[in-house]
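1. sequence and predicted structure below; questions after.
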Amino acid sequence: MKKIPSIDCRHFINGKYVDSNDKRTFENINPATEEVLGTVAEGGKTEVDYAVAAAKRALAGPWKNTTLVERSKMLRNIGDLILERQEELVHLESYDTGKPFWLANSIDIPRAAYNFHFFADYITSVGQEAYQQNQQALHYTHRKPVGVVGLIKPWNLPLLLLTWKLAPCIGMGNAAVVKPAEWTPMTATVLMEIIKDAGVPDGIVNLVHGFGPNSAGGAIAEHPDVDAISFIGEPRTGSSIMKAGADTIKKLSFELGGKNPNIIFADSDLDEVVETTIKSSFINQGEVCLCGSRIYVERNAFESFVKKFVERTKQLKVGNPFDETTNVGALISKEHYDRVNSYLDIAREDGANILTGGKRPEGMDTGYYLEPTIITGLDRNSRCVREEIFGPVVTITPFDMEEEVIMQANDTHYGLSATIWTNDLRRAHRVAHQIDAGIIWVNTWFLRDLRTPFGGMKHSGSGRAGGMHSIDFYSELSNITIKL
Ligand code: NAD
């Protein structure tokens, strides 16, 4: 693997890269080689206090008089600069996460730029509500920023998910304190320089590195001057952020985990289903909240689907993220690798058939690599069928009746996404209307339009992002009534 110079990540507060007050750092590990990539400043309450104070000061400065058009221009500049520095960002994202280079180059970084370009256009097209009440009064709405927003983010799509929230956040006139995941600090650190170069005033976007509870994440969640929190991560973390922010009634947006059903009816085009299911199961090492990790196949297509799917999965190449022919890279960390493997132990104890995978690829002794794994024969109560594994592991279960598969699909605390494969139009609508999930795809997967609502129900989140839903979260509405 190509050697990169050591990259040290520092906080970014009030327009400057700074160390922690006590100079404390932690190591950033490359999951593909287990080598140290560099050190990361370890922030906590002190650094979060500095960052929130800088954000508050900046909000009260000239920023409050910027127009939507001026902020739209800044968002466009940021998107352009991300594209100018694409190669560097792709390298950093791939080193940090272990994901294939081609994936970061074709999805993560272009989409990060597009998040800014999309909201640069969108924020200038937002209208307001107005109602005339007979001859009595005129009512209209006025939008204001929410204030200081804490953005606490996960490691699986680091720059893509941070920018998905940061673009509408600053576009609507807020200030931000960003906390990237401790395992993936690099692209967020470079983004701060880009944001400064794009003309965003100092203090409007700040970044504090660190961990979760009793560290930077917890300090943001508790901070009395943080008005809103946009969190992406695990439901348990969401719950503790909710508790920490309860005393100061913070506005919350949560995008949480998923255990998404992929429902395959026998009348669908199996070859197309297999190709898309390879992606929806194993892309990004299965570390995507939208992955369809519970596959249900109508019984009369079960055998032929399983045969084709297993054959195709065996062709996937696990390996060096910088090799163009690699399909599946390394899992994010030792801790996560052990967690995913512990689910494979549970599957074995529960009597599963592991049709392929379930082990480290031969000859790859270093790095957190796991073969794509297909499991059958598990009861619906097995923890592998119920809990989010967040790795390259899927279960396949046969079904006989439409009602039965709908019941099984909904038999979970999660409600993020679902995929339905059928060529029967009426059935597609009928089933889609009965699945409890925020995002439902029919005969496709991961097809996104950023104007549409994105988010989950039940333990998969609260609120929606995308288009007007993002505008609503990152602004407060006043209704103004004028007596006529
Ligand atoms: P995580 O909840 O462990 O951590 C996410 C972030 O929260 C990290 O920055 C972490 O440092 C911070 N954190 C942890 N504990 C905290 C606390 N008590 N207070 C404040 N901050 C805290 O999640 P993860 O392991 O980084 O990410 C994987 C999870 O994210 C999966 O469940 C996945 O499904 C979910 N996810 C959801 C979406 C979505 O759009 N719904 C997208 C990506 C990932």
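-> Great, that's in hand. Numbering: from 1, shown residues only.

2. list the residues that contact the residue in the chain sticking out farthest from the centre.
-> No residue in the chain sits farther from the centre than Q135, which is 48.8 Å out by CA atoms, centre = their mean. By CB atoms under 8 Å, 6 or more residues apart in numbering, the residues touching Q135 are L484. Yep, even glycine has a C-beta here, placed from its N, CA and C like the rest.

3. so T39, which of the three states?
-> Classification of T39 using DSSP: H, G, I helix; E, B strand; the rest coil returns strand.

4. which residues does the residue nearest to it when sequence neighbours are not counted contact?
-> Closest residue to T39 apart from its sequence neighbours, by CB to CB, 6 or more residues apart in numbering: T25 at 4.1 Å. By CB under 8 Å, 6+ apart, the contact set of T25 is 8, 19, 39-42.

5. residues contacting the spatially most central residue of the chain?
-> The centre of the chain sits closest to L161, judged by CA atoms, centre = their mean, with a distance of 4.7 Å. Applying CB under 8 Å, 6+ apart to L161 gives the contacts 153-154, 232.

6. try it again with 10 Å
-> L161 makes contact with 108, 111-112, 115, 151, 153-155, 180-181, 230, 232-233, 255, 289 under the criterion CB atoms under 10 Å, 6 or more residues apart in numbering.

7. give me the neighbour count for the closest residue to R448 other than its chain neighbours.
-> What sits nearest to R448 in space, not counting adjacent residues and going by CB to CB, 6+ apart, is F454, at 7.4 Å. For F454, the count of nearby residues is 23 (other CB atoms under 10 Å).

8. against the ligand, how distant is F454?
-> 7 Å (CB to the nearest ligand atom, to the nearest Å).

9. for that residue, grab phi and psi.
-> phi -130, psi 130 (degrees, to the nearest 10).

10. which of the contacts of L161 fall in strands?
-> Of the positions in these, 151, 230, 232, 255 sit in strands, assigned by DSSP state E.

11. from the residues you listed, pick the one nearest the ligand.
-> Using CB to the nearest ligand atom, E255 comes nearest to the ligand of these, at 3.4 Å.

12. do I have it right that that closest one meets L157?
-> No: if you go by CB atoms under 10 Å, E255 and L157 don't touch, sitting 11.1 Å apart.

13. low-confidence stretches in the stretch 1-150 of the chain?
-> 1-6 (pLDDT under 70).

14. looking at the contacts of T25, spot the one nearest S240.
-> Closest approach to S240 among the contacts of T25 (CB to CB): E42, at 19.7 Å.

15. so who does the closest one touch?
-> The neighbours of E42, taking CB under 10 Å, 6+ apart as the test, are 11, 19-20, 22-26, 182, 208-211, 215-216.

16. for the stretch 251-400 of the chain, which residues are neighbours of the ligand?
-> Within the stretch 251-400 of the chain, the positions adjacent to the ligand are 255-258, 289, 388, 390 by CB under 6 Å from any ligand atom.

17. go again with 8 Å.
-> 255-258, 287-290, 336, 388, 390 (CB under 8 Å from any ligand atom).

18. of those, which is the most crowded?
-> G258 (29 neighbours).

19. quick one: name the residues of the stretch 51-200 of the chain near the ligand.
-> 152-157, 161, 179-183.

20. now the residues you listed in TSV, with pLDDT?
-> Listed next are these as TSV, based on pLDDT from 0 to 100:
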residue	pLDDT
I152	98
K153	98
P154	98
W155	98
N156	98
L157	98
L161	98
K179	98
P180	98
A181	98
E182	98
W183	98
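
21. pick out whichever of those sits closest to the ligand.
-> For these, the closest approach to the ligand (CB to the nearest ligand atom) belongs to P154, at 3.2 Å.

22. right, and L378 touches G351 too?
-> Yes: if you go by CB under 10 Å, L378 and G351 touch, sitting 7.8 Å apart.

23. scan the residues of the stretch 51-200 of the chain next to the ligand and report the most crowded one.
-> Once you tally neighbours by other CB under 10 Å, K179 ends up highest among those, having 31 neighbours.

24. shouldn't it be in contact with L207?
-> Yes: with contact defined as CB under 10 Å, K179 counts as touching L207 (7.6 Å).

25. one step back: shared neighbours, E255 and L157?
-> Common contacts of E255 and L157 (CB under 10 Å, 6+ apart): 164, 232, 289.

26. which of the contacts of E42 fall in helices?
-> Counting by DSSP state H, the contacts of E42 place A216 in helices.

27. with that, I have no additional questions.
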